[in-house]
Every structure is written in C-alpha cells, then in structure tokens.
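K.L.:
Below are the sequence and a predicted model for it; my questions follow.
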Amino acid sequence: MTRSHEPLLRVSDLTMMYGDRVGCRNVSFELRPGEVLGIVGESGSGKSTLLRSISAQQEPTKGTVEYHTRIDGIRDIYQMSEAQRRLLMRTDWAFVHQNARDGLRMNVSAGANIGERLMAVGDRHYGNIRNAAENWLDKVEIATERLDDLPSTFSGGMQQRLQIARNLVTSPRLVFMDEPTGGLDVSVQARLLDLLRGLVHDLNLAVIIVTHDLAVARLLSHRLMVMQRGEVIESGLTDQVLDDPQHAYTQLLVSSILQN
Amino acid sequence: MSEMLHAKNVAKGFTLHTQGSVTIPVFEGVEFRLNAGECIALTGESGSGKSTFMRMLYANYTCSSGSISVLHDGDWLDITTASPHAILDMRKRTMGYVSQFLRVIPRVPTLEIVAEPLIALGTARETAMEKARDLLTRLRIPERLWQLSPLTFSGGEQQRVNIARGFIADYPIMLLDEPTASLDTQNRATVLALIEEAKARGAAIAGIFHDHETRDAVCTGSFDVTSFKVGAND
C-alpha cells in the first residue's frame, strides 16, 4: 500500500498550560494517511493532555492543530465553527477510549451504538443501518445475534471491540486511541491487537495511540514519541527508539520492562 | 558488480544513562561495501559487535557519526539521516532482515505472517499465500501448523518461520543474523539453497554465520568487524 506524502494532520508548537502547571509543551509533529504514531511515557507525562488537545476536546494554550479535511483542504481545527468541528469528530475522526463505557451508550443496544454514528451523518434507512451494524459486529468478532443486547451484558473485551465498531462505522481517516488495551486480560489484549492491526492496514487508517505498554507500541506503531513532564524528549522510528534509545528517560523506560 | 550499500567512516558508541552515564565506544572509521550477487560474512568473536553492526545497516541502531547509504529505488538513501518514512519504505521494498527473534502479534497464523511482506508489496493475496506455502513446505514446517500462531512453536520452528518470512520477497539486499543457528542438517541445507538462489538473482547479502561450514559454503567474502573496534588500531 502506498502512503501519501501529504500530511493528514499537522501539530505545531502545541502547548497546554493549566495555570502555571505544564500539561504539554512545544509539541510538533506530522502524521500521514495510514501512519500509526505511538505516544509513550509514564502516567502524568502529558500523553492524554496532548491527545485531548489534538482531538479537539480541549483548546490548547498555544500552537495549532491542522487537519487535511476531505472538502476544504488543510484547516486549523480550532478556527473552524463548532458545527464544522463536531461534524469532523463524528465522521472523519474516531476516538477509542481506554474505558469502553466512556465511548459507548450503555443503555441502548449494541446495534444502536453502531447505528447512532451512521444516523448522525444522515443515514436514515433502518435496513441499511442494521446491516452495517451486523457487518461491523462480525468484523470485530462479536456474534451478530448479540445485535439487540445491551453493552452492559458484554465482557470487557467485547465492549472494547464494540466501541471500535461504533467508531469505525463512518469510515474515519484518523483514529485517536487512549490506552485501548489497558485494563484487559492479556489474552483479550492479543485479540484486540490483532484486530486493530488488521483494521489499520485494511482501512489505511492513520492512528495516534497513547499507551504506557511498550510492547503494544512496538507491535502497532510505525513511529514513536516519548514524553516526559509534558515534553517530547525523543521521537523516531519505533524499533530504533526502543532498541537504541538515546535519552536517559527512554533508556529507563525500556530497561524497566520485565523480560519474558 | 554493482554496489548496493556502503558505509563510510561510521562510528558507534552507547551511552548508558541509567548506569552512571557510562559511554561504551564500539566502532570507529568503519568502511564497508556490499555488491549485488555477493554474500559477505560479518566475522569477529562473540561480543565483538557483529549483530550491532548488522542492526546499524538495518537502521535499527543509530550511528554516532558517518554515513550508511543504501541503493533504494535507484537513488542513494543515507539511512543515518533519512526520515522514519523513508527507512520504513526502504525496509519494505529494498532490504530484508532475518533476525534471531520472532516478534509477532499473538494469534496471527503462521501462513499470514510469512505472506505479509509480499502482500505489503502489492502482490495478490493468493499468489503471496502460494509462495508462503511453498517456503514453509521447503523448510519442513508441517502443514497442520500453518494456521497456528508460531509463538507456540519450538525455537527451531520459529527460526524457520522467520526465514520463510525473510525470503518470501525478493529483496535486493538481505541481512541474515545467524539464519542456521538452531537448525538440523536438512533444514540447514534448505537455508543454504535459499541463500544461493538469492545470490543467483543478484541479491546483495550480509550475514552472521555461527559455523565455518555454512560460511564456507555460501560466502563470497568476509568482513572482520574487530578491525574497526575502537582502539583496535592503536
């Protein structure tokens, strides 16, 4: 698969301050279509703050986030109207939360969870929506007879897969993931990783994935950014950063992994 | 013979920040050339840095200074300064690497893992699968294992899966890190045949071979990394 050289997303000099406290500082990078960028670092390093600022959930104190929209070309997402930004977030973007309950509506059926995003972009044909929902349940390996069940009756791993289906049904081009395998059993994690890897490849998704699990970062991401105290202290090719880390903090992170 | 890769005045050292910032100098002034159709053995005793040098050729390790240029798509790409995108593209289309370790996502069937590099190059899925089946057969991985993840396989079987994956695409340059280390005689013979076939189609190969027999059988020359160790020429 050939990847376009035109960036899909461009983050420039992004800084998020909470009063005097630094959330993240001076972060710049570009992301191409089909590219997976991992953001690693310990708790409190600013990974989630950065992700929220990039994904239009929290306007940064300084800096810009530009996105190559399908219709209008490159746009600064914080200069768009609220309506345009909402539409972008509902259609071309997706956000997979660590806790599936944050990304799902627990009081409506699995099928409705998937269908809701389609209806938000104007799909009104019940049969089409139901077919799409069934198709996506199958893609994320949930039995289609569970279509009318509530997500609360699903296991943690199934809820996470349902969240992914709900997010990907509108064919987004950019997916944000915040610790998508966190809190899942190791065997469930493996299944989810396999699923994600396949979807990323087949749909040519660009992904920004925040994780503290370096093994997950290695298996999924092309490039890695390492954060400490709100700043990107090292970035580059994933295997280069993990196998030949240059910065003291990255070396500490890598050397702290338990070998098996 | 046409040159495919060259290293010029390359130095490499490691700084261990977590261990009192000890600096370990490894190489200095490395000059290395690799031509199409040849198979060069990287030599030197254990711990001399053969694997380190090979990882530098793959851009898995950085260089402290100097340049390593790879003929990629008809142009020279200096992998010590290239962008991650360019390096990934170089690995996808120009340089194959058979490592000693199998790093794969659990649950993915062996056949998929072997076929993946060829599918990534745009080859039709069924053609890639057919070639994967051929290679796995040649390397004596029983058919009943093809749909299983290789993570449950023995060390020797995992290594053969790695070899199949490394040889499925006809890369112009190949790096082989002890490809025959834990193989029996029959399988070693198969790997030697694969190397000969790669040479015959014009691949430029650099390898680390643990035994003399393998080296003598397939290598056209050798490169002693110890002569570029820091302090070697003092």
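P.N.:
Received the coordinates, thanks.

K.L.:
just the strands in chain A please.
P.N.:
Ranges of strands in chain A, per DSSP state E, are A:9-18, A:21-31, A:36-40, A:62-69, A:73-76, A:93-96, A:174-178, A:206-210, A:223-228, A:231-237.

K.L.:
What separation do you get for residue B:95 and residue B:194?
P.N.:
17 Å (Cβ to Cβ, to the nearest Å). C-beta here means a position set from N, CA and C on the backbone, and glycine is covered the same way.

K.L.:
Correct me if wrong: residue A:163 contacts residue A:97.
P.N.:
Yes. In this structure, residue A:163 is within contact of residue A:97 by Cβ atoms under 8 Å, at 6.9 Å.

K.L.:
Mind checking which of these two has more residues around it?
P.N.:
residue A:163 (26 against 18; other Cβ atoms under 10 Å in any protein chain shown).

K.L.:
Please list all residues in contact with the more buried one.
P.N.:
A:96-97, A:100, A:103-104 (Cβ atoms under 8 Å, 6 or more residues apart in numbering or on different chains).

K.L.:
Give the buried residues for the helix ranked longest in chain B.
P.N.:
Longest helix of chain B, by residue count under DSSP state H: helix B:185-200. Residues of helix B:185-200 classed as buried: B:187-188, B:190-192, B:194-195, B:198-199 (neighbour count, 16 or more other Cβ atoms under 10 Å in any protein chain shown).

K.L.:
Stretch B:27-40 too?
P.N.:
Buried-residue list, stretch B:27-40, by 16+ other Cβ under 10 Å: B:27-28, B:30, B:32-40.

K.L.:
before we move on, the earlier item: shared neighbours of residue A:163 and residue A:97, which are they?
P.N.:
Joint contacts of residue A:163 and residue A:97 (Cβ under 8 Å, 6+ apart) are residue A:103.

K.L.:
hang on, the earlier thing: for the longest helix of chain B, name the packing helices and strands.
P.N.:
helix B:155-167, strand B:204-208, helix B:212-218 (3 or more Cβ pairs under 8 Å, 6 or more residues apart in numbering or on different chains; DSSP states H and E).

K.L.:
want to throw these into JSON lines with distance to chain A, mean neighbour count and mean pLDDT?
P.N.:
Compiled in JSON lines, the helices and strands packed on helix B:185-200 are given as follows (distance: least, Cβ to the nearest Cβ, whole Å; neighbours: other Cβ atoms under 10 Å in any protein chain shown; pLDDT from 0 to 100):
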{"stretch": "helix B:155-167", "distance to chain A": "15", "mean neighbour count": "23", "mean pLDDT": "94"}
{"stretch": "strand B:204-208", "distance to chain A": "17", "mean neighbour count": "24", "mean pLDDT": "97"}
{"stretch": "helix B:212-218", "distance to chain A": "26", "mean neighbour count": "15", "mean pLDDT": "92"}
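
K.L.:
Next, format those as a markdown table and append distance to residue B:105.
P.N.:
Shown next, in a markdown table, are the helices and strands packed on helix B:185-200 (distance: least, Cβ to Cβ, whole Å):
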| stretch | distance to residue B:105 |
| --- | --- |
| helix B:155-167 | 13 |
| strand B:204-208 | 27 |
| helix B:212-218 | 31 |
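
K.L.:
Find the centremost residue of chain A, please.
P.N.:
residue A:176 (1.9 Å; Cα atoms, centre = their mean).

K.L.:
if I pick that one, what's in contact with it?
P.N.:
Contacts of residue A:176 by Cβ under 8 Å, 6+ apart are A:51, A:54-55, A:93-96, A:207-209.

K.L.:
show me where chain B has strands.
P.N.:
Per DSSP E, chain B carries strands over the ranges B:3-16, B:22-35, B:39-43, B:65-72, B:75-78, B:95-98, B:173-177, B:204-208, B:221-224.

K.L.:
Neighbouring strands - and their directions - for the fourth one?
P.N.:
Pointing back at strand B:65-72 there. Partners of strand B:65-72 in the sheet, by DSSP bridges, are strand B:3-16 (antiparallel), strand B:75-78 (antiparallel).

K.L.:
Can you tell me which of those is packed in deepest?
P.N.:
Of all the strands paired with strand B:65-72, strand B:3-16 has the most neighbours on average by mean count of other Cβ atoms under 10 Å in any protein chain shown, namely a mean of 18.

K.L.:
got the angle for that one vs strand B:173-177?
P.N.:
Using axes from the mean of the first three to the mean of the last three Cα atoms, to 10 degrees, the direction of strand B:3-16 lies 40 degrees away from that of strand B:173-177.

K.L.:
tell me which parts of chain B are close to chain A?
P.N.:
B:14-18, B:21, B:55, B:59-62, B:84-85, B:87-88, B:103, B:105-108, B:120, B:122 (Cβ under 8 Å from any Cβ of the partner chain).

K.L.:
Now stretch A:239-252 - C-alpha only, PDB.
P.N.:
The C-alpha trace of stretch A:239-252 is given here as PDB (Å, rounded to 0.1, in the frame of the first residue of the first chain):
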ATOM      1  CA  ASP A 239      12.200   0.000  16.800                       C
ATOM      2  CA  GLN A 240      15.100   2.500  16.800                       C
ATOM      3  CA  VAL A 241      13.700   4.300  19.800                       C
ATOM      4  CA  LEU A 242      13.000   1.100  21.700                       C
ATOM      5  CA  ASP A 243      16.200  -0.800  20.700                       C
ATOM      6  CA  ASP A 244      18.700   2.100  20.700                       C
ATOM      7  CA  PRO A 245      17.200   4.800  23.000                       C
ATOM      8  CA  GLN A 246      19.300   7.900  23.300                       C
ATOM      9  CA  HIS A 247      17.600   9.800  26.000                       C
ATOM     10  CA  ALA A 248      18.100   8.900  29.700                       C
ATOM     11  CA  TYR A 249      14.400   8.700  30.400                       C
ATOM     12  CA  THR A 250      13.700   6.400  27.300                       C
ATOM     13  CA  GLN A 251      16.600   4.200  28.400                       C
ATOM     14  CA  LEU A 252      15.000   4.000  31.900                       C
END
